[in-house]
Structures are given as C-alpha cells and as structure tokens.
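Engineer: I would like to see how this sequence folds:
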Amino acid sequence: MWVQVWVREAVRQIAAPAELIKKIAAGQPLVIFTGEDLGKPMALIHVADTWLLAEFLPSSKVPAWRVLQAHEAKRSFAGTTAELVKAVTALKAPK
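Structural biologist: Residues are numbered from 1 along each chain as shown. All right, here's what the predicted structure looks like:
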C-alpha cells in the first residue's frame, strides 16, 4: 500500500534501466509513490512515461532511492508522466 505521494519537477539522477537514461532530462516531471513492502521502504516512480520500482538507501545522508527494475504498473495507469502529475495534483487538491 502506497502511503505518501510527492510530485517533483526535476530529475537529478537515475541509473537503470539503461535505455531510460537517454529519455530523462532536467526539469522533466517525476512522481514518486512511497510505502513499504514486507516492512522494507519501497517506491514506485513514474518518469519519462515509465514506471520503475526502487528501494530506499538507508545509508544515504539525504533521502535517496535505487531503481531496481522497470515495473508493470502501466496496467493501473497507462498515461504519460505529465498526465499522472495532473491526476495526482487534482486528487491532492482541497475540495
């Protein structure tokens, strides 16, 4: 269960999958859903119209995540990252 949502407008670094690196540029939208899986902090990230699964790096001095693999969440949301930013922003907006 994902418990928090952050929307960020800049991408600083991503190491995998390798073919995705060429698609990412500074200033691109990025959505990170964080939560736990079996007690371990995990993140589901949407960037460059791609879903990624990441693990938390507890030894980092700043909050950091390591991408483990592409994720099949496209079944749940098949839109672009920009569309997901709009959807999440609308959901989080006061009613």
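
Engineer: Checking residue 86 next. Helix, strand or coil?
Structural biologist: Put simply, residue 86 is helix when judged by DSSP: H, G, I helix; E, B strand; the rest coil.

Engineer: Now for it, how many residues are close by?
Structural biologist: 14 (other Cβ atoms under 10 Å). All C-beta spots, glycine's among them, are computed from the backbone N, C-alpha and C.

Engineer: ok, now residue 19?
Structural biologist: Residues near residue 19, counting by other Cβ under 10 Å: 9.

Engineer: ok, now residue 59?
Structural biologist: 6.

Engineer: ditto for residue 35
Structural biologist: 14.

Engineer: ok, now the one 10 residues further on?
Structural biologist: Here the neighbour count serves as a burial measure; for residue 45 (other Cβ under 10 Å) it reads 22.

Engineer: that's a helix at it, yeah?
Structural biologist: No: going by three-state DSSP, the assignment for residue 45 is strand, not a helix.

Engineer: Isn't it up against residue 28?
Structural biologist: No: the pair residue 45 / residue 28 is not scored as a contact, 11.9 Å apart, by Cβ atoms under 8 Å.

Engineer: Show me where this structure dips below the pLDDT cut-off.
Structural biologist: 1-17 (pLDDT under 70).

Engineer: if I look at the residue most central in space within it, how far off is residue 29?
Structural biologist: Residue closest to the average C-alpha location in the chain (Cα atoms, centre = their mean): residue 45, at 1.6 Å. Separation of residue 45 from residue 29 (Cβ to Cβ, to the nearest Å): 11 Å.

Engineer: For this structure, just list every one of the helices.
Structural biologist: Secondary structure of the chain by DSSP state H: the helices cover 18-21, 81-92.
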